[in-house]
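>>> below are the sequence and a predicted model; questions follow.
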Amino acid sequence: GEVFGDCRPTRDGTEFLTFLKKAVKSHSDSDIHVILDNLSTHTTPEVQAWLDDNPHVTFHFTPVGSSWLNMIETWFGIITRQTIRRGTFTSVKVLVKQIRDYIAHWNVDAAPFTWTATADEILAKVRVTQTNIRKLVDNNGNAATRQVPAR
């Protein structure tokens, strides 16, 4: 549940690699699995070379166009609601300090999120959503073919 975060002015392969090295440094004796979106900065030649030299680190990429489907999205929602959304920040420096302070506060009592839904419950919701989407598509298709009476 501990959060390791960093705020940078740019988002490129060099910055990502700097972040990655810091993030894994204290866990060098463990297998590390990193879940990433498909941002090009995660696959630069420098990042790939580092990954080749660090076989205990494995990248897992989420499907293109999908939500992360993991708890980091929940955490981003929490920090947004609790410290960013209604904040007044006079500069980027003040915002970055607020984010860093929040991460430090979070880590005092850090605990991993626990899934409370079973796989069967999640799959049941998926089926209901798929059924509702089909109904919407069918209804929209029927509406598009209806003739509007002339006046």
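Everything's here; your move.

>>> C-alpha from now on. contacts and neighbour counts both.
Fine.

>>> mind checking the SS state of Val34?
strand (DSSP: H, G, I helix; E, B strand; the rest coil).

>>> export stretch 12-29 as CSV, just CAs?
Output in CSV follows, covering the C-alpha atoms of stretch 12-29 (Å, rounded to 0.1, in the frame of the first residue of the first chain):
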residue,chain,number,x,y,z
ASP,A,12,9.9,11.3,-21.4
GLY,A,13,11.9,8.1,-21.3
THR,A,14,14.8,9.7,-19.3
GLU,A,15,12.5,11.0,-16.6
PHE,A,16,10.6,7.7,-16.4
LEU,A,17,13.9,5.8,-16.1
THR,A,18,15.1,8.0,-13.3
PHE,A,19,11.8,7.4,-11.5
LEU,A,20,11.9,3.7,-12.1
LYS,A,21,15.5,3.4,-10.8
LYS,A,22,14.5,5.2,-7.6
ALA,A,23,11.3,3.1,-7.2
VAL,A,24,13.0,-0.3,-7.4
LYS,A,25,16.2,0.6,-5.6
SER,A,26,15.0,-0.4,-2.2
HIS,A,27,13.4,-3.7,-3.6
SER,A,28,16.4,-5.0,-5.5
ASP,A,29,16.3,-8.3,-3.8
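
>>> list of residues touching it?
Phe4, Asp6, Arg8, Ile32, Ser40, Thr41, His42, Thr43, Thr44, Glu46, Val47, His56 (CA atoms under 8 Å, 6 or more residues apart in numbering).

>>> surely the second one is in a helix?
This means Asp6. No. Read with three-state DSSP, Asp6 is coil and lies in no helix.

>>> which one (most neighbours) among the contacts of stretch 12-29?
Counting neighbours by other CA atoms under 10 Å, His42 comes out on top of the contacts of stretch 12-29 with 20 neighbours.

>>> low-scoring stretches of this protein, by residue?
For the chain, the stretches with pLDDT under 70 are 65-70, 142-151.
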